[in-house]
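In: sequence plus predicted model, see below.
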Amino acid sequence: MSAPVAPLHRFASDNNAGVHPAVMEALAAANHGHATAYGDDPWTAMATRDFADLFDHDVVALMVWNGTGANVLALGSALSPAGAVVCSDCSHINVDETGAPERLLGSKLMDLPTRGGKLTPDQVRGLRHNLGVVHHVQPSVLSITQSTEWGTLYSPTEIAALCEVAHEMGMRVHLDGARIANATAALGGSREVLRSFTRDAGVDMVSFGGTKNGMMYGEAVVFLDRELARSAGYTRKQFTQLPSKVRYISAQFSALLCEDLWIDNARHANDMARHLYQAVRGHPAFHIASEPSVNSLFPTFSPTVEADRIEALRDWSFFYDWDPSLRQARWMTAWDTTPLDISAFRAGLDHFVG
Ligand SMILES: Cc1ncc(COP(=O)(O)O)c(C=O)c1O
């Protein structure tokens, strides 16, 4: 039997998706005449106001090229001398940034073991004995990811508790929000929800994701404490994260933030992940431990499925491994996933590994 038609929008990652039409329109609209480079342009002024409105706070928002750059810039702005970054063992900064924070910041990452990517206040408290000891790096920034790399969520109360401990210990708190939109949508889908787990919880700075939410490229570092942004402009340039035509990133963000398209896009991606879960749960070839909270599923293939059948499935519609030692993969939905993609993928699963 010949293979079914592969999904148009595959399930590899939300950053495999294309650009949302409203973002494309915004890019075209920004493509008008000359504008002062390096951020001194009307689009960047507008996006900065949009971020201030979003957080209802006097923020500094710096546009950057990508998420790794956003994280490194944010962390570097808050590290004290001999400072270390406390993070989860599976955090993107720890496992997926090719050591960029260590190389560029010259700082140790203190990666703590987590279940589902979530740190606890007790783990942070447990690092207290390092403080003031000249032989030890000084826990200086706590970095958490929301939603986590495992697709789990911190509640606003959990983040507030982490911030409280971190601040008591003289640390600053960074939130890697590559998927902050998915978290916001999953926790209730409003600006108030976003504020509840960032500004109100005590987060000091946010890497605010755009690329996975319908932008062509670009992320922003949003400093909720302006003091931390004092030298960030220089650092952004030194870390090669200052685009001269920054207006094109700013215009994209305004398109997403306007009328909360960012939440709609993320809600759609999250809904599609739940639909995918419903469509494939109980499949004999793999097991998925729980219904997704955001837009990722982590299927573990059964030992009875031959490796070459999984590879044939992957060749037909690409996806990444998550933990090859467990035969675990990751499937992700995006703002543009459709029910048709899901039924096509289900047909492919039956065909290749069914
Ligand atoms: C949790 C998290 N943080 C940050 C990033 C940003 O990475 P990039 O540098 O590829 O934009 C990603 C991308 O996959 C991510 O999943």
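Out: That came through, no problem.
In: now the strands for the protein?
Out: 60-64, 83-88, 109-112, 138-145, 172-177, 205-208, 219-223, 286-288, 296-297, 299-301, 320-323, 328-332 (DSSP state E).
In: what is the distance between the longest one and the centre of its chain?
Out: Spelled out, that is strand 138-145. 16 Å (CA atoms, centre = their mean, to the nearest Å).
In: return the residues of the chain in contact with the ligand.
Out: Where the chain comes near the ligand, counting by CB under 6 Å from any ligand atom, the residues are N66, G67, T68, H92, T145, E149, D176, A178, T211. All C-beta atoms are positioned from the backbone trio N, CA, C, and that covers glycine.
In: for those, which one is nearest A12?
Out: Nearest to A12 among those: T211, at 14.1 Å, using CB to CB.
In: for burial, what's the neighbour tally of the nearest residue to the closest one once chain neighbours are set aside?
Out: Once flanking residues are discounted, T211 sits nearest to N15: 5.4 Å by CB to CB, 6 or more residues apart in numbering. Neighbourhood size, N15 [other CB atoms under 10 Å]: 16.
In: next: E311.
Out: The burial count for E311: 11, using other CB under 10 Å.
In: against H9, how distant is it?
Out: To H9, E311 is 21 Å away according to CB to CB, to the nearest Å.
In: next one: the residue nearest to T211 from N31, what distance?
Out: For N15 relative to N31 (CB to CB), the value is 23 Å.
In: so which residue of this protein comes closest to the ligand?
Out: Residue nearest to the ligand within the chain (CB to the nearest ligand atom): G67, separated by 2.2 Å.
In: still on that earlier bit, mean neighbour count, the strands of the chain: which tops it?
Out: Ranked by mean neighbour count, the strands of the chain are led by strand 205-208 with a mean of 30 (mean count of other CB atoms under 10 Å).
In: re earlier: now tabulate the residues of the chain next to the ligand in TSV and tack on pLDDT and distance to R274.
Out: Converted to TSV, the residues of the chain next to the ligand look like this (pLDDT from 0 to 100; distance: CB to CB, whole Å):
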residue	pLDDT	distance to R274
N66	98	28
G67	98	25
T68	98	29
H92	98	24
T145	98	21
E149	98	19
D176	98	24
A178	98	20
T211	98	23
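In: what's the neighbour count on the residue of the chain closest to the ligand?
Out: 25.
In: residues of stretch 68-83 that come out buried?
Out: Using 16 or more other CB atoms under 10 Å as the test for burial, stretch 68-83 gives 68-79, 83.
In: ok, and what's touching it?
Out: Residues from elsewhere that reach stretch 68-83 (CB atoms under 8 Å, 6 or more residues apart in numbering): 62, 64, 85, 92-93, 97-98, 100-101, 104-105, 107, 137-141, 143, 170, 172, 174, 176, 204-208, 219-221, 223, 228-229, 231-232, 235-236, 239-241.
In: got the contact list for the residue of the chain closest to the ligand?
Out: H92, D176, A178, S207, G209, T211, E219.
In: and the gap between it and Q241?
Out: Taken as CB to CB, the span from G67 to Q241 is 11 Å.
In: read off the pLDDT value for A307.
Out: As predicted, A307 sits at a pLDDT of 96.
In: start the count at 53, not 1, going forward
Out: All set: I'll call the first residue 53, so the last point we hit is now A359.
In: just checking, V75 touches L309?
Out: No. Using CB atoms under 8 Å as the test, V75 is too far from L309 to be in contact (11.1 Å).
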